[in-house]
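Participant: Build me a model from this:
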Amino acid sequence: KHGVHSTVGESDGTNQVWRDEFWLQNSRIPLDENTVLDYFALSPWYDKNCLTAMSKSSGERLNPGVLQQMTGEDYVVAHHQQGRLFVINKLHRYDDRESQRRVTEITASYYVLDGWVYVCPPLQKLLDTRLLLISNFVRKAMETVSERYTFSLAGGHRIVHPDDDKAPGADAEEE
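Facilitator: Residues are numbered from 1 along each chain as shown. Next up is the predicted model:
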């Protein structure tokens, strides 16, 4: 294998990246929506027992309509943009006995950006991170407001601007 695999921190894979410079430089076919799954198949996240891999190993590529009727794990290109960004979803297809329907669940998502493969973090982790970021902005805003806001019985509410030379409440004391 020629791929570069780098890990930083967490074990859920969201801080891991992978790239196969050899494939990117020596492939006669550019990385696009038709070849990105072949490229992704070289990564450590690709399940060699998925439906696509099994159909390849049998010597024939099954048409996507046939794959959708099969049960098991599979990968699809969910989105691509300008030949640089590709989103790949790992799907789990199964027959739900209760509803008697075929069910397809997205079990993981990956993105390929300029040849680098990343694991997409779960939605809960994204929301947690965004909420933490928002709470930090709100805390900083509240600190700034509390530093610049004064109140006195005589002067009432007052916002002190950073360029004011006077101490907070100075106007109220003069009256």
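Participant: Just the buried positions in the lengthiest helix in the chain, please.
Facilitator: Ranked by number of residues, the top helix in the chain under DSSP state H is helix 123-148. Judged by neighbour count (16 or more other Cβ atoms under 10 Å), helix 123-148 contains no buried residues. Glycine gets a C-beta too; all of them are placed from N, C-alpha and C.
Participant: right, and the helix or strand after it?
Facilitator: As assigned by DSSP states H and E, the chain's next helix or strand after helix 123-148 is strand 149-152.
Participant: partners of the following helix or strand past that next one, with directions?
Facilitator: Note on strand 149-152: by DSSP H and E, the next helix or strand toward the C-terminus is strand 156-159. When sheet partners are counted by DSSP bridges, strand 156-159 sits next to strand 149-152 (antiparallel).
Participant: Need the CA coordinates for the partner strand. CSV is fine.
Facilitator: Output of strand 149-152 as CSV, limited to C-alpha atoms (Å, rounded to 0.1, in the frame of the first residue of the first chain):
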residue,chain,number,x,y,z
TYR,A,149,-22.4,48.7,31.0
THR,A,150,-23.0,50.7,34.1
PHE,A,151,-26.0,51.6,36.2
SER,A,152,-26.5,54.2,38.9
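Participant: Apart from its neighbours in sequence, what residue is nearest the spatially most central residue of the chain?
Facilitator: For the chain, the residue whose C-alpha lies nearest the mean C-alpha position (Cα atoms, centre = their mean) is residue 120; its distance is 3.6 Å. Counting by Cβ to Cβ, 6 or more residues apart in numbering, the nearest residue to residue 120 once its immediate chain neighbours are dropped is residue 109, at 3.9 Å.
Participant: Could I get the phi/psi values of the one you found?
Facilitator: phi -130, psi 150 (degrees, to the nearest 10).
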